[in-house]
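**Q** just the structure for this:
(2 chains)
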Protein chains: 2
Amino acid sequence: MEFKIEKKLKNSLGRAGILKTPHGEIKTPSFVAVGTKATVKSLNPEQVKDAGTQVVLGNTYHLFLQPGDEIVRDAGGIGKFMNWKGPTMTDSGGFQVFSLGAAYGKDISKITKITDPSLMIPERFDDNDAPRLAKIGNDGVSFKSHLDGSIHYITPEKSIEIQHNLGADIIFAFDECTSPTEDIKYQEEALERTHRWAERSLVEHLKLGGGQALFGIVQGGREKKLRQESAKVISSMDFDGFGIGGSFAKEDMSSAVKWVNEILPEEKPRHLLGIGEPEDLFMGIENGIDLFDCVLPTRLGRNGTIYTNRGKISITNKKFRDDYSPIEKDCGCYSCQNYTKAYIAHLFHGKEMLAGTLASIHNLYFIVHLVDNIRQSILDDNFFEYKKEFLSKYIV
Amino acid sequence: MEFKIEKKLKNSLGRAGILKTPHGEIKTPSFVAVGTKATVKSLNPEQVKDAGTQVVLGNTYHLFLQPGDEIVRDAGGIGKFMNWKGPTMTDSGGFQVFSLGAAYGKDISKITKITDPSLMIPERFDDNDAPRLAKIGNDGVSFKSHLDGSIHYITPEKSIEIQHNLGADIIFAFDECTSPTEDIKYQEEALERTHRWAERSLVEHLKLGGGQALFGIVQGGREKKLRQESAKVISSMDFDGFGIGGSFAKEDMSSAVKWVNEILPEEKPRHLLGIGEPEDLFMGIENGIDLFDCVLPTRLGRNGTIYTNRGKISITNKKFRDDYSPIEKDCGCYSCQNYTKAYIAHLFHGKEMLAGTLASIHNLYFIVHLVDNIRQSILDDNFFEYKKEFLSKYIV
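**A** Model prediction:
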């Protein structure tokens, strides 16, 4: 894998570059479409590509359970399995350590709302009564399958083995994602674990060989000291690039990203894991992020929430029933080029499958092209003007 | 609308022809894709077209309730609303008189299994206790919306008015579909009603004007006398073509179709409503049918049941989990050209939306091309050989 920086943003960490993978180039910054189970939900690969997507990310934990990583390996790897001809990535399962563990059953995900943090610390992994599907052990994490209740023990070595079977171009070290509501003691413990697991992931990756690139993941919660320490430790290992992980309090995210990217080596790519709202994309890119992935474009789309330049709209709002204009007049996506709001609203009211497809196409196109436009603004030396213009209209 | 017969089948009623509509030609016999709510379920119009579909049929009753025929009219008609550029049809709502009336809550549809008919006569429309959403009155039918419980009275005039608003190229007279388990007295009453409604539909259609073609519907259940009478009465009216309706006992279908088509004028097109299994397509075409429509390709597809030349398979069968071959080796459909059975099976196991899409594409392609191949066999003078060859392999 090769990464070349084309242009840097003045007075900030931002940059535009090109990342070369065995399945083609990725012009960065770039938004990665999430295809959890080797399918970007409701879309076929041509629709994903037509939306402008350059790279697709599958979820290791989900594919391990179903259909099984050996099935994907025997099919020729995730790209061939799902008929996506471009670059691919897989995450490591580390986010599921969090979402199926400490965060399980709670309304917290990649963004955590912090009100009174002392009240919100999730029960620890040694709390056997807490309903959760992931428990952290010394050596790895035991997962209880949400599909059939079977128990699986995922170690860093196992995560890398699965990811080698899945065969994506870019894979990630096994880590533990934490909540910003955790106390510093727990963050320190978890971070130490993440660092040990990073090393073990790297060793296993080198042992297995092959042409995949391995990214290490920086954690550390909301503590400057821990984020900086993690950036130093992870960048001291021979990773091909880096992921920045964690569940963030929205107000912490930009500082955490900045602390980390000030330390990470400039010449390697950086992926902000699981983040993708428009305002966060500007923030991340300004602070040196090259890659983003997020389920929101397709998840919101399936629920009828649609991105526009003025903010998100709910297409099932009564006023759209007889609105014969496209979602956005100047949008070049398939959905806006061919369908009216009235039709898409009708499909949602009728619970038709095409509803989610058309909304997801628009949302994915919107986010992918937003990142592409930000990239262009870096090349054109007008990032800050573009950011100001976009965010002045876009209502969060 | 123009209909030209290109070639007739020797010693039978079958023929190949071309039907010209304002939105293009239909080479007949042809299979019509069903797009109940102005969308062929799980497919976009390009996928419908790529499957070989020439014409799409929407359901008047469903579109009347949602989004409302005036919304569709104001959007430019059903074709423009759904972005289908080819010919369109709408049914009249007459099938819903049956499916939401006498057949409501019972396991009977277009094909009714007759065991002891005397035991199976559905309760009559004057049975107020029977749970049903359609009740037949003197002048029309009152429907209780399954969406919001609102009551709507559909008369022949109303059906035609709605269909003029929907604006399809080919529309149908309002009729009453009956079950083959009805006694002859009820069949006679219902048939008389269907004939009165046909006349009223035609009068209303001519009054409203415009370039749509109106097809009259022949009913009559399983009685030769009634089917022949209906064919005579309906063909005496100035319809542009004909539908053959009814819920059929499978063993009755070919004789009913034959009785009717021996009487209907040869020079006008004939549509066998709601029928589309491979064995029925051969039967219908041999007996002079030009058009078929059926929900099965997409409905079965969404449930993981897939047509092959050797019969239907269930893709969720365990043996397909690691089957890296396409559904059918020689199939030219998008799904077979790009995906393995293992991948499609995985999508079904994972309840992914793309599962239904890929299976529906294959099923629609399979049925549409089967009818196209039958058409070609008529042109090539080898219909009977093709029929024998196909049905010798295809397990019903």
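
**Q** C-alpha only now, for contacts and for neighbours.
**A** OK.

**Q** from the stretch 151-300 of chain A, which residue is nearest to chain B?
**A** Nearest residue of the stretch 151-300 of chain A to chain B: A:Thr298, at 11.8 Å (CA to the nearest CA).

**Q** which secondary structure state does that residue sit in?
**A** Using DSSP: H, G, I helix; E, B strand; the rest coil, the secondary structure recorded for A:Thr298 is helix.

**Q** I'd like the distance between it and B:Gly288.
**A** The gap separating A:Thr298 from B:Gly288 is 47 Å, by CA to CA, to the nearest Å.

**Q** what does the stretch 201-350 of chain A have sitting close to chain B?
**A** For the stretch 201-350 of chain A, the contact set with chain B under CA under 8 Å from any CA of the partner chain comprises A:Arg321, A:Asp322, A:Tyr324, A:Asn338, A:Tyr339, A:Thr340, A:Tyr343, A:His346, A:His349, A:Gly350.

**Q** go ahead and confirm the last one touches B:Leu65.
**A** No - using CA atoms under 8 Å as the test, A:Gly350 is too far from B:Leu65 to be in contact (10.1 Å).

**Q** quick check: residues of the stretch 1-150 of chain A near chain B?
**A** A:37, A:39, A:41-44, A:66-67, A:71, A:75, A:81-83.

**Q** make a markdown table from the residues you listed and add neighbour count and secondary structure to it.
**A** Conversion of the residues of the stretch 1-150 of chain A next to chain B to a markdown table gives the following (neighbours: other CA atoms under 10 Å in any protein chain shown; DSSP: H, G, I helix; E, B strand; the rest coil):
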| residue | neighbour count | secondary structure |
| --- | --- | --- |
| A:Lys37 | 25 | coil |
| A:Thr39 | 27 | coil |
| A:Lys41 | 23 | coil |
| A:Ser42 | 28 | coil |
| A:Leu43 | 22 | coil |
| A:Asn44 | 19 | coil |
| A:Gln66 | 18 | coil |
| A:Pro67 | 21 | coil |
| A:Ile71 | 24 | helix |
| A:Ala75 | 21 | coil |
| A:Phe81 | 24 | helix |
| A:Met82 | 24 | helix |
| A:Asn83 | 18 | coil |
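
**Q** kindly indicate which of those residues lies nearest B:Gly274.
**A** Nearest to B:Gly274 out of the residues of the stretch 1-150 of chain A next to chain B is A:Ser42 (CA to CA; 28.1 Å).

**Q** quick one, phi/psi of the closest one?
**A** For A:Ser42, the backbone dihedrals are phi 80, psi 0 (criterion: degrees, to the nearest 10).

**Q** which residues does it contact?
**A** A:Thr298, A:Met353, A:Gly356, A:Thr357, A:Ser360, B:Glu352, B:Met353, B:Leu354 (CA atoms under 8 Å, 6 or more residues apart in numbering or on different chains).

**Q** what's the closest non-adjacent residue to the residue in the stretch 51-200 of chain A that chain B sits nearest to?
**A** With CA to the nearest CA, the shortest gap between the stretch 51-200 of chain A and chain B falls at A:Pro67, namely 5.8 Å. Of all residues not flanking A:Pro67 in the chain, B:His346 sits nearest, at 5.8 Å (CA to CA, 6 or more residues apart in numbering or on different chains).

**Q** if I look at the one you found, how far off is A:Met82?
**A** Counting by CA to CA - B:His346 and A:Met82 are separated by 10 Å.

**Q** again with A:Ile263
**A** Distance, A:Ile263 to A:Met82, using CA to CA: 37 Å.

**Q** same check on A:Leu57?
**A** The span separating A:Leu57 from A:Met82 equals 12 Å under the rule CA to CA.

**Q** ok, A:Tyr225 - how many residues close by?
**A** In this structure residue A:225 is Lys, not Tyr. 12 (other CA atoms under 10 Å in any protein chain shown).

**Q** any chance of the backbone angles for it?
**A** Per-residue torsions, A:Lys225: phi -60, psi -50 (degrees, to the nearest 10).

**Q** flag the shaky bits of the stretch 201-350 of chain A, pLDDT-wise.
**A** Filtered on pLDDT under 70, the stretch 201-350 of chain A yields no residues whatsoever.

**Q** where exactly do the strands run in it?
**A** Assigned by DSSP state E, counting those that start in this stretch, the stretch 201-350 of chain A shows strands spanning A:213-218, A:241-244, A:270-272, A:291-294, A:305-308, A:311-314.

**Q** the last one: how far from the chain's middle?
**A** Averaging C-alpha positions (CA atoms, centre = their mean, to the nearest Å) puts strand A:311-314 22 Å from its chain's average.

**Q** which other residues reach it?
**A** By CA under 8 Å, 6+ apart, the residues outside strand A:311-314 that reach it are A:Gly304, A:Thr305, A:Ile306, A:Tyr307, A:Lys393, A:Tyr394, A:Ile395, A:Val396.

**Q** could you check how far the closest residue to the last one other than its chain neighbours is from A:Val371?
**A** Spelled out, it's A:Val396. The shortest distance from A:Val396 to any non-neighbouring residue, by CA to CA, 6+ apart, is to A:Gly311 (6.1 Å). Using CA to CA, A:Gly311 is found at 16 Å from A:Val371.

**Q** residues near the residue nearest to A:Pro67, how many?
**A** 25.

**Q** same question, A:Tyr324
**A** With other CA under 10 Å as criterion, A:Tyr324 counts 17.

**Q** thought A:Thr155 was touching A:Phe143?
**A** No - counting by CA under 8 Å, A:Thr155 does not reach A:Phe143; the two are 10.8 Å apart.

**Q** report the contact partners of the residue of the stretch 151-300 of chain A closest to chain B.
**A** A:Val40, A:Lys41, A:Ser42, A:Gly356, A:Ala359, A:Ser360, A:Ile361, A:Asn363, A:Leu364.

**Q** just those now: which is nearest chain B?
**A** Lowest distance from chain B to the contacts of A:Thr298 (CA to the nearest CA) belongs to A:Ser42, with 5.0 Å.
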